[in-house]
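[1] no sequence on hand, only this structure:
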């Protein structure tokens, strides 16, 4: 048997890009994308992606170049999930909610050759580019206009735009070759995406995934959620979040209709669900909360499958949402594994449970999806924890979903890729008797506000920059609207003049100038001394308790929230 | 980006065996298998498979050994699809319809270390083993009893059974270790299965597949058919046919219930559908024909999804079956790609067509499934044929589904694995304008009778052994019941005595002694001279025309057919 080995025909690299060619054949006349008054067929989407990929090649983009994208969920954003890697480039979806300093740092770190920018993020991008040091080559910019915006929504082009280095998205599409032979990867281990995550430490880390991983996760994400052919998928989850949990590619595999939108407030979502017959959507618990608070009585005309993640959906929210006709599935994952890889697969015997019992079961993160090789919860020496629902350990993963590593950060890569062959997630969970895992505690330093991850260390770093601050510790404060908000405990320097003693409002203002809005502490508590251990470490668990006892600042949402309310993944 | 490469955590070999561990966790209390009055849960199936795998190890089976199985679709047969590879061995599913000489040759060729034998195939197996040359080591035999058989159905153990070398299936399960750590493949390219196919030439070829291929095809087969979690799957397709088109593993991935049965006649199938609420089944067109002829009026209580393949379902059958409530999908494949890899993905615009138009569309083989990299129809120099529905070419494939190769047959492997990187299927098709392929002609030499492939060359070889036969040519004769039957044209030697001139019945009887029943020509035409080309080759297309004009010998089925009526794949 040993003489039989792999061959050329069965070694073609696995890549989700092949889904698009097929979608054009099978679903050519079906609708691929709907956005306001615009729509495309799969035939058109395929053609437009090939044309743009061809134009990227003409602009000099070659295999392995990084191409960045700064856009909400527009048709262009969807197309770029294919066209950028079809040009051979590595797709770097960036959050348009970043502050311009961070954005600048990421563009430099990734050595982006090109950046696609939605018209409403143009100022942000230009500010970021303006910070580039003189000897650092600046990426070319492709501006994505939006004809569906009202005239007063469109900003005038800023003065500091460099016309020589700027292109127009639709012009690039128009002049591309629809018969372009897209650039296939040399091997399935070639990188396809780069995603920055703040993760659990303060410096942003660039997660690199390969074609194989995105292929496997795309298929797995369809099977695990029982997604049939030709679903209608509403893009409430931002595609820049962990590549939209692989569903941009998955929708091409099943010929779905992508409902794109900039607006993720409750009336807009309900309106899109009703007008397009949405069957599937991904949404953080905070969005589910918003939806069920906005509409307390009127049932959906037909059920909508919702995949939620990022944090456990509280029982009350689950019950309300399901009463309205949302069929909620719950999953767990992270950028390092392309979205959801553990999900709370439903057991038939739970059907008998009362609503609260069902909700309690559904709030557990669950079990690995079928495409994942192994998931376990382990103690400090790598041994599986007891399946008792009490003993905590770290979630570890083996499987094709695991990233290649962090870009230019071998240390961070080695830290999570252990010598025993497991990827260490940094998330802490217990294992229940039935083999379902449940996250009892996020890694201490992470705060999740409105579905966005942030590192408390990073916020603390800014606080420490304030001339009057001696010590700072940031923890999560529970919030009925945002889930959590950052709450800062600070002690001030001893030798301050009375005029130099800041108020909590002044410290907040200081942070706001240095941090994105969602990372700015909503609460500042000035203490004489922070509680410390005998070895001098701040007792964060004590502060967490204090913050918890403060309760929520926000009221539960009854108004449309901002577009920030998207899952952390 | 170049410093980032694959690592231990993301390089774990893809294998469908991981589905079973997960099924035990997620679907532990759900029914995995129903067979007559017996049933198992996924917890039990998982445990039994581990126990048997452990016993195989105890018997000395090691990684890379071939273990053969000779059984219809019983619970043991289902379990063996997991437990054999979980012991590290290569699973060789064999047809229990083979004649004992062929079976013997295959057991020797595969160097089987062990053979699992269903009680009703015991004589066949013992006869095959009795042909082993003295110096060839004989495989150990594991007998699978069946407590659900009636006493008069169970043959008494034959005298020539070697008790020393024989084991009992249930005893091996019972004494195995339920905590056995199953043997994972070293790489995903390690072989997992061996399947013999008569294919298009006369010598049986052993198709070897790897863990990666079976993993990818399993997922692909679920997505393409939109199989949801926890379907109820009726095993009408024999699992030995191309590993049941990957659905034994697929059912573990989605926690389905496997309805096992020995009986695939129409009343039995209808009875199982109604009593167990079957949602999915695979069936050759001839089975569909049988089902729709048996029950012309009574609609199914709920729709049953049928995946058909092996040959195109004729329009009349499709329309009748769908009127009864069968939702028919049509696919194409072969053992070399583990079942179905091209399928006639439905287009919404076809919904508008009249019934005959729909049936014509559905009879096309279609497009590659999403997990397959590329499928094309090419001319002699490897160029794609025109998409005109007229120009014929050979179907070629690239993708993880393609076999590693033929066991101990480098020539045959090289013949279909071309240097241009494609696997050549040997099947001839046209490509329609919309990119859907349609098989216009099977490769000339193949006859498909009752869903079984046979090589005309092999039948001719037997005819040539008859002392009176000068020349022989076997072609397909259309048959309303079997699809096709072998029809032999022979010319006799010139110098025969009158007493030595055989009748057609005598030639038939001669063939019957040398060939399995389904391969025995149903028609023998004695001619003075076979029609030949100027270079002396028999003009088979002329004979095909003659055979076609003879029409069918059988009437369309209204009676339960035998268990042979299963798809060719």
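    Nice, thanks for sending it over. Nothing here was measured: the structure is a model prediction, and the numbers come from that model. Numbers count the residues shown, from 1 in each chain, chains lettered A, B, ... in the order given.

[2] how many other residues sit next to residue A:181?
    Counted with other CB atoms under 10 Å in any protein chain shown, the neighbours of residue A:181 add up to 11. Bear in mind the C-beta positions are built from the backbone N, C-alpha and C, glycine included.

[3] could you check how far it is from residue A:57?
    10 Å (CB to CB, to the nearest Å).

[4] residue A:417 now?
    For residue A:417 relative to residue A:57 (CB to CB), the value is 34 Å.

[5] now residue A:368
    Residue A:368 is 39 Å from residue A:57, by CB to CB.

[6] okay, the two: which has more neighbours?
    Between residue A:368 and residue A:57, counted using other CB under 10 Å, the more crowded position is residue A:368 (28 against 21).

[7] got the contact list for residue A:356?
    A:315, A:319 (CB atoms under 8 Å, 6 or more residues apart in numbering or on different chains).

[8] list the buried ones in the helix or strand harbouring it?
    According to DSSP states H and E, residue A:356 maps onto helix A:355-362. For helix A:355-362, a neighbour-count test (16 or more other CB atoms under 10 Å in any protein chain shown) marks A:358, A:359, A:360, A:361, A:362 as buried.

[9] for stretch A:151-169, same thing?
    Using 16+ other CB under 10 Å as the test for burial, stretch A:151-169 gives A:161, A:167, A:169.

[10] same question for stretch A:180-199.
    Counting neighbours by 16+ other CB under 10 Å, one finds that the buried residues in stretch A:180-199 are A:180, A:182-185, A:188-199.

[11] any weak-confidence spans in the stretch 301-450 of chain A?
    Scanning the stretch 301-450 of chain A with the threshold set as pLDDT under 70 gives A:311, A:440-445.

[12] tell me where it has helices.
    A:315-324, A:355-362, A:410-416 (DSSP state H, counting those that start in this stretch).

[13] and the contacts of the last one?
    Counting by CB under 8 Å, 6+ apart, the neighbours of helix A:410-416 from elsewhere in the structure are A:201, A:205, A:336, A:405, A:406, A:423, A:424, A:425, A:426, B:3, B:4.

[14] distance check, the third one against residue A:240.
    Same thing as residue A:336. With CB to CB as the criterion, residue A:336 and residue A:240 are 15 Å apart.

[15] on the pLDDT front, check the residue most central in space within chain A for me.
    Centroid-nearest residue in chain A: residue A:241, 2.0 Å away (criterion: CA atoms, centre = their mean). According to the prediction, residue A:241 has pLDDT 91.

[16] out of the helices of the stretch 301-450 of chain A, flag the one nearest residue A:301.
    helix A:315-324 (11.1 Å; CB to CB).

[17] quick check: which element contains residue A:252?
    Going by DSSP H and E, residue A:252 is in helix A:247-254.

[18] give the rounded mean pLDDT of that helix.
    Rounded mean pLDDT across helix A:247-254 is 98.

[19] please apply the same query to stretch A:98-117.
    Mean predicted lDDT for stretch A:98-117 stands at 95.

[20] if you count neighbours, what's buried in it?
    A:98-100, A:102-110, A:112-117.

[21] the residues you listed in helices, which ones?
    Under the assignment DSSP state H, those contribute A:100, A:102, A:103, A:104, A:105, A:106, A:107, A:108, A:109, A:110 to helices.

[22] in JSON lines, list these along with distance to residue B:173.
    Below are these laid out as JSON lines (distance: CB to CB, whole Å):
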{"residue": "A:100", "distance to residue B:173": "66"}
{"residue": "A:102", "distance to residue B:173": "60"}
{"residue": "A:103", "distance to residue B:173": "61"}
{"residue": "A:104", "distance to residue B:173": "64"}
{"residue": "A:105", "distance to residue B:173": "61"}
{"residue": "A:106", "distance to residue B:173": "57"}
{"residue": "A:107", "distance to residue B:173": "61"}
{"residue": "A:108", "distance to residue B:173": "62"}
{"residue": "A:109", "distance to residue B:173": "57"}
{"residue": "A:110", "distance to residue B:173": "56"}
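
[23] buried set for stretch A:481-495?
    Buried positions in stretch A:481-495, judged by neighbour count with 16+ other CB under 10 Å: A:481, A:482, A:483, A:484, A:485, A:486, A:487, A:488, A:489, A:490, A:491, A:492.

[24] count the residues that sit near residue A:179.
    Here the number of neighbours of residue A:179 (other CB under 10 Å) works out to 9.

[25] ok, the residue nearest to it when sequence neighbours are not counted - contacts?
    Distance criterion CB to CB, 6 or more residues apart in numbering or on different chains; nearest residue to residue A:179, sequence neighbours excluded, is residue A:50 at 7.3 Å. By CB under 8 Å, 6+ apart, the contact set of residue A:50 is A:83, A:86, A:176, A:177, A:178, A:179, A:180, A:182.

[26] now pLDDT and secondary structure too, for the residues you listed, in a markdown table please.
    Formatted as a markdown table, the contacts of residue A:50 follow (pLDDT from 0 to 100; DSSP: H, G, I helix; E, B strand; the rest coil):
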| residue | pLDDT | secondary structure |
| --- | --- | --- |
| A:83 | 98 | helix |
| A:86 | 98 | helix |
| A:176 | 98 | coil |
| A:177 | 98 | coil |
| A:178 | 98 | coil |
| A:179 | 97 | coil |
| A:180 | 98 | coil |
| A:182 | 98 | coil |
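
[27] distance from the longest helix along chain A to the middle of the chain?
    The longest helix of chain A (DSSP H) is helix A:42-58. In terms of CA atoms, centre = their mean, to the nearest Å, the centre of helix A:42-58 is found 25 Å from the chain centre.

[28] what lies in contact with whichever helix or strand comes after that helix?
    Of the helices and strands lying after helix A:42-58 in sequence (DSSP H and E), the nearest is strand A:66-70. Identification of contacts with strand A:66-70 by CB under 8 Å, 6+ apart yields A:56, A:61, A:77, A:80, A:84, A:87, A:89-94, A:96, A:103, A:106-107, A:110-118, A:121, A:124-125, A:139, A:194, A:240, B:1.

[29] what's the average pLDDT for strand A:66-70?
    98.

[30] and the angle from that strand to helix A:42-58?
    Here strand A:66-70 runs at an angle of 130 degrees relative to helix A:42-58 (axes from the mean of the first three to the mean of the last three CA atoms, to 10 degrees).

[31] so what strands line up beside strand A:66-70?
    strand A:90-94 (parallel), strand A:114-118 (parallel) (DSSP bridges).

[32] report the distance from the last one to the chain centre.
    It stands for strand A:114-118. Centroid displacement of strand A:114-118 relative to its chain, using CA atoms, centre = their mean, is 18 Å.

[33] tell me which helix or strand comes right after it.
    helix A:122-130.

[34] between strand A:66-70 and that following helix, find me the angle.
    Interaxial angle of helix A:122-130 relative to strand A:66-70 (the same axes, to 10 degrees): 140 degrees.

[35] who are the packing partners of helix A:122-130?
    Here helix A:122-130 touches helix A:100-110, strand A:140-144, going by 3 or more CB pairs under 8 Å, 6 or more residues apart in numbering or on different chains; DSSP states H and E.

[36] recalculate using a threshold of 6 Å.
    Here helix A:122-130 is seen to pack against helix A:100-110 when contacts are counted using 3 or more CB pairs under 6 Å, 6 or more residues apart in numbering or on different chains; DSSP states H and E.

[37] any idea how far the helix it packs on is from the chain center?
    Chain-centre distance of helix A:100-110: 18 Å, with CA atoms, centre = their mean.

[38] helices and strands around that helix, which ones?
    For helix A:100-110, the elements it packs on are helix A:122-130, judged by 3+ CB pairs under 6 Å, 6+ apart.

[39] ok, back up a step: export the buried residues of stretch A:481-495 to CSV and tack on secondary structure?
    Shown next, in CSV, are these (DSSP: H, G, I helix; E, B strand; the rest coil):
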residue, secondary structure
A:481, coil
A:482, coil
A:483, strand
A:484, strand
A:485, strand
A:486, strand
A:487, strand
A:488, strand
A:489, strand
A:490, strand
A:491, strand
A:492, strand
